[in-house]
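[1] Compute the structure for the input listed below.
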Amino acid sequence: MLKRAYVAAMRGAALPLRASGVLDRWQRAPHDSFAFWLGSQFAIHDAAALARLDVPWWTFPAIDAVERWIAARNGDVRVFEYGSGASTVWLARRAARVVSVEHDVGFAKIAAPMLALPNVELRIIEPTRAGTASRAPSGRSGYEDSDFSAYVDSIANDAAPYDLVVIDGRARVACFERARDCLSANGLVVFDNALWHDRVADPTQRDEETTAIRELGRSVREDEGLVSGHGRRRERATPSRQTRPPTTAGTGGTSPSSGHAARMAIGGTR
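    Predicted structure coming up:
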């Protein structure tokens, strides 16, 4: 309810700003400016508007880090994305191939024309009704009795591993655990909303989804095969990364003796 009210308020405020030309000036400003950041806030929950701005709804440090990471590989990157939208278009403009899985049929139908790009494959996989227990649950309201197993496992449909995995959909913890087995050596995972609206850092927040994301963060920090980072809100500095070198406990589809580690950038809340 609060989110809907916020989105409605932002869209209402955008009308006079656009009529006066102020919003257009903000949205045409350099992407590393405060003006552009401010202008992008008025595109909240509007995938088409974000695509026109050429920006995903991630933290700006995470955007910068991922863009540099793809550019360093000359765009020769295979991407798998949980949760489609403006980020799918943004990634497709930079990477060789993007496979995006979406659980919401209604949204997928709306977004399909925007995502009809030659290097994008959109997979629509709805959750099933869980029996006594869900192997891949989601803590989101309305999905308490849903099982996202097929959605989570869709990353394994291709034989080749993925270089970049973006987790910004449902059943995020299960998606991360599954993605680890399908990540290439020195691959990158972007886990959006890692702070879960600052709930993760608050020990009084003990709901199932917050607790699961908190435990995931702890397991990432303790895994010597992963190098973690965090894109903080609003800041434009490069996300920090642990300085320990890769070890023989490598993950992401590498053999135990390879010595490679999967790199991981974790986005916060925009």
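[2] in the one helix or strand residue 62 maps to, what counts as buried?
    In this assignment (DSSP states H and E), residue 62 forms part of helix 60-71. Across helix 60-71, burial judged by 16 or more other Cβ atoms under 10 Å covers 60-66, 69-70. Bear in mind the C-beta positions are built from the backbone N, C-alpha and C, glycine included.
[3] Report the next helix or strand after it in sequence order.
    strand 78-82.
[4] Just the residues contacting that following strand, thanks.
    Contact with strand 78-82 is made by 87-88, 91, 95-101, 151-152, 155, 160-170, 172, 175, 179, 182, 184, as judged by Cβ atoms under 8 Å, 6 or more residues apart in numbering.
[5] Quick check: can you name the pairing partners of that strand and their directions?
    strand 97-102 (parallel), strand 162-167 (parallel) (DSSP bridges).
[6] Output the ones you listed in CSV, with mean neighbour count, distance to residue 53 and mean pLDDT appended to each entry.
    Shown next, in CSV, are the strands paired with strand 78-82 (neighbours: other Cβ atoms under 10 Å; distance: least, Cβ to Cβ, whole Å; pLDDT from 0 to 100):
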stretch, mean neighbour count, distance to residue 53, mean pLDDT
strand 97-102, 24, 18, 97
strand 162-167, 26, 18, 94
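[7] Those strands into a markdown table, with extra columns for distance to residue 227?
    Converted to a markdown table, the strands paired with strand 78-82 look like this (distance: least, Cβ to Cβ, whole Å):
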| stretch | distance to residue 227 |
| --- | --- |
| strand 97-102 | 24 |
| strand 162-167 | 15 |
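[8] Residue 11 is nearest to which of those strands?
    strand 97-102 (23.0 Å; Cβ to Cβ).
[9] low-scoring stretches of the stretch 1-150 of the chain, by residue?
    1, 131-134, 139 (pLDDT under 70).
[10] mind listing the strands for it?
    Taking DSSP state E, counting those that start in this stretch as the criterion, the stretch 1-150 of the chain carries its strands at 78-82, 97-102, 120-124, 128-129, 146-147.
[11] Give me the contact list for the third one.
    When you say that, I think you mean strand 120-124. Contacts for strand 120-124 (Cβ under 8 Å, 6+ apart): 84, 88, 92, 97-103, 105, 108, 111-112, 115, 154.
[12] So for it, what gets flagged as buried?
    Applying 16+ other Cβ under 10 Å to strand 120-124 flags 120, 122-124 as buried.
[13] and it with strand 97-102, angle?
    Here the directions of strand 120-124 and strand 97-102 differ by 20 degrees (axes from the mean of the first three to the mean of the last three Cα atoms, to 10 degrees).
[14] mind listing what strand 120-124 pairs with, with the direction of each?
    If you go by DSSP bridges, strand 120-124 pairs up with strand 97-102 (parallel).
[15] what's the answer for the last one, then?
    Each strand that pairs with strand 146-147, with its direction, by DSSP bridges: strand 128-129 (antiparallel).
[16] if we look at the partner strand, which residues are touching it?
    145-147, 149-150.
[17] next one: stretch 87-94 to chain centre, how far?
    Relative to its parent chain, stretch 87-94 has a centroid offset of 12 Å by Cα atoms, centre = their mean, to the nearest Å.
[18] got the domain boundaries for the protein?
    Under the assignment automatic domain parsing, the domains of the chain span 1-45, 46-267.
[19] Comparing the ones you listed, which comes out most buried?
    Highest mean neighbour count of the domains of the chain: domain 46-267, a mean of 18 (counted as mean count of other Cβ atoms under 10 Å).
[20] Which of the contacts of strand 128-129 sits closest to residue 130?
    residue 147 (4.1 Å).
[21] mind checking how far the closest one is from residue 34?
    43 Å (Cβ to Cβ, to the nearest Å).
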